[in-house]
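S.K.: Mind looking at a prediction? Sequence and model below.
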Amino acid sequence: MEWAALLLLALALCALLYLLGRWLLGLDGDLTLLWAEWRGKRPENELPDKVVWVTGASSGIGEELAYQLAKIGALVVLSARRENELERVKQKCLEISNLSSKDILVLPLDLTDRSSHEAATKTVLQHFGRIDVLVNNGGRSQRSLFVDTKVEVYAAIMELNYLGTVSLTKHVLNHMVQREKGKIVTMSSVMGIMGAPLATGYCASKHALQGFFNSLRPELGEYPEIIITTICPGPVQSKIIHNVFTEDLSKSLDNTGDQSHKMPTDRCVRLTLVSMVNDLKEAWISDHPYLAVCYLWQYAPTWAWWLMNKMGKIRIQNFKSGVDADISYSQKKKA
Ligand SMILES: NC(=O)c1ccc[n+]([C@@H]2O[C@H](COP(=O)([O-])OP(=O)(O)OC[C@H]3O[C@@H](n4cnc5c(N)ncnc54)[C@H](O)[C@@H]3O)[C@@H](O)[C@H]2O)c1
């Protein structure tokens, strides 16, 4: 009788552990973020009529941000370098929302042309009278080994991902400090937390952003209504691989590989908006194994370094064989 009870207890424990494991494996964001999604403020209630400036709005995550913001009724500023692409995004925003043309400002902007950022900020203020949220989203990744990569590539990555973001933030923050309110949301990456081969420069630029914003936040202590949020996505479907820096500034990636194993763009953007309206300081948005590695990197770095060595070998092998560097971590290998 006693044995039977013990057996039943063991079986129940195994079932519980199995269910817990399945639940943990299904998570695609850190626990604070997923709690906020479940119990916190909803973007639909918080963002209507807010002026949200999105950089890198011509493709990928920035483009999807424009659509979800427009549907919710936020007033949007769309920035990137290519005006025709921004006009295309604006047209679609108008088709899927109740916004009118004046509610969406197309503002071409090159993040690396820092001398233009003050005037761009003034243009937004002239049009809308305020900036409630700046989303620093524009940026490019990297696929190249350090030994093969020219130093000029490192300078270009920092100029775009780091200095471009810092420069625009500076001008917009001046306005937010005058108003004593506003939100600055920056697309960092899980690569801003961990390190990964083939992305030494990209990781460095995202680590720089993390350090910068984590230091800026306490500098703004006397403005409790100015919120600094960094978003750390893992692999997400977008044009990022088409636009990566390689070992040479003049070279693009020959084979971009299949991207369908990555997190859908709309899910990443939804969780970004949840993070924005719930004033999260940092949010991790990723499927496994990157989400698990984020936790390890934060709480047990020795294990994370061991695991990254294993994953790193696969990344480099994939890259050299012409498939997407992250393909093997996914359940469905299509490439
Ligand atoms: N897709 C991912 O897997 C992933 C993961 C983590 C972080 N991110 C970050 O998300 C952000 C958006 O990337 P994405 O995945 O949508 O890639 P994407 O290539 O589809 O979009 C990047 C956007 O940045 C713009 N951009 C590039 N250079 C610019 C410049 N000089 N000036 C102004 N705009 C410029 C592009 O025109 C485009 O609109 C980036 O900061 C990226 O680092 C992406």
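M.R.: Looks like it arrived, so ask away. Numbers count the residues shown, from 1 in each chain.

S.K.: C-alpha only now, for contacts and for neighbours.
M.R.: OK.

S.K.: and after the helix or strand harbouring residue 18, which helix or strand comes next?
M.R.: Here residue 18 sits within helix 2-25, counting by DSSP states H and E. Scanning forward in sequence from helix 2-25 by DSSP H and E, the next helix or strand is helix 31-39.

S.K.: Now do the buried residues in that next one.
M.R.: Neighbour counts over helix 31-39 (16 or more other Cα atoms under 10 Å) mark 33-34, 36-37 as buried.

S.K.: and those near the ligand, which?
M.R.: When the buried residues of helix 31-39 are filtered against the ligand using Cα under 6 Å from any ligand atom, no residues are retained.

S.K.: Give me the angle between the helix holding residue 18 and helix 31-39.
M.R.: Inter-element angle recorded for helix 2-25 and helix 31-39: 90 degrees (by axes from the mean of the first three to the mean of the last three Cα atoms, to 10 degrees).

S.K.: Give the other helices and strands that whichever helix or strand residue 54 is part of contacts.
M.R.: Here residue 54 sits within strand 51-55, counting by DSSP H and E. Judged by 3 or more Cα pairs under 8 Å, 6 or more residues apart in numbering; DSSP states H and E, strand 51-55 is in contact with helix 60-72, strand 75-79, strand 133-136.

S.K.: about what we covered before: make CSV from the buried residues of helix 31-39 and add pLDDT to it.
M.R.: Shown next, in CSV, are those (pLDDT from 0 to 100):
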residue, pLDDT
33, 98
34, 97
36, 98
37, 98
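
S.K.: and which of the residues you listed is nearest to residue 278?
M.R.: Of all these, the one with the least separation from residue 278 (Cα to Cα) is residue 36, at 6.7 Å.

S.K.: who touches the closest one in this structure?
M.R.: Neighbouring residues of residue 36 by Cα atoms under 8 Å, 6 or more residues apart in numbering: 274-275, 278.

S.K.: Most neighbours among those, which one is it?
M.R.: residue 275 (29 neighbours; other Cα atoms under 10 Å).

S.K.: Tell me how far that one lies from residue 31.
M.R.: Per Cα to Cα, to the nearest Å, residue 275 is found 12 Å from residue 31.

S.K.: Parallel or antiparallel, list what pairs with the longest strand along the chain.
M.R.: When the chain is parsed with DSSP state E, its longest strand is strand 226-233. Applying DSSP bridges, strand 226-233 is found paired with strand 182-187 (parallel), strand 282-285 (parallel).

S.K.: Can you list the buried residues in that strand?
M.R.: 226-233.

S.K.: Which of the residues you listed sits closest to the ligand?
M.R.: Ranked by distance to the ligand (Cα to the nearest ligand atom), the buried residues of strand 226-233 are led by residue 233 at 4.3 Å.

S.K.: beta partners for the closest one?
M.R.: Note on residue 233: beta-bridge partners by DSSP bridges are residue 285.

S.K.: now it: how far from residue 70?
M.R.: Distance, residue 233 to residue 70, using Cα to Cα: 22 Å.

S.K.: cool, and residue 107?
M.R.: To residue 70, residue 107 is 16 Å away according to Cα to Cα.

S.K.: One more: residue 307?
M.R.: 41 Å.

S.K.: Quick one, grab the pLDDT at the spatially most central residue of the chain.
M.R.: Residue closest to the average C-alpha location in the chain (Cα atoms, centre = their mean): residue 187, at 3.7 Å. For residue 187, the pLDDT comes out at 98.

S.K.: Residues of the stretch 101-250 of the chain that sit close to the ligand?
M.R.: By the rule Cα under 6 Å from any ligand atom, the part of the stretch 101-250 of the chain lying against the ligand is 109-112, 137-141, 160, 187-189, 233-240, 243.

S.K.: Mind checking which of those residues are buried?
M.R.: Buried members of these, scored by 16+ other Cα under 10 Å, are 109-112, 137-141, 160, 187-189, 233-238, 240, 243.

S.K.: Please enumerate the helices of the stretch 51-200 of the chain.
M.R.: For the stretch 51-200 of the chain, helices defined by DSSP state H, counting those that start in this stretch occupy the ranges 60-72, 83-96, 117-128, 151-157, 165-179, 200-219.

S.K.: got it, and the stretch 201-335 of the chain?
M.R.: 265-277, 290-299, 301-320.

S.K.: so what secondary structure elements neighbour the longest one?
M.R.: Counting contacts by 3+ Cα pairs under 8 Å, 6+ apart, helix 301-320 is packed against helix 290-299.

S.K.: Which residues in the helix it packs on does the neighbour count mark as buried?
M.R.: For helix 290-299, by 16+ other Cα under 10 Å, it's 290-297.

S.K.: quick one on the thing from earlier: of the buried ones among the residues of the stretch 101-250 of the chain next to the ligand, which belong to strands?
M.R.: 187, 233.
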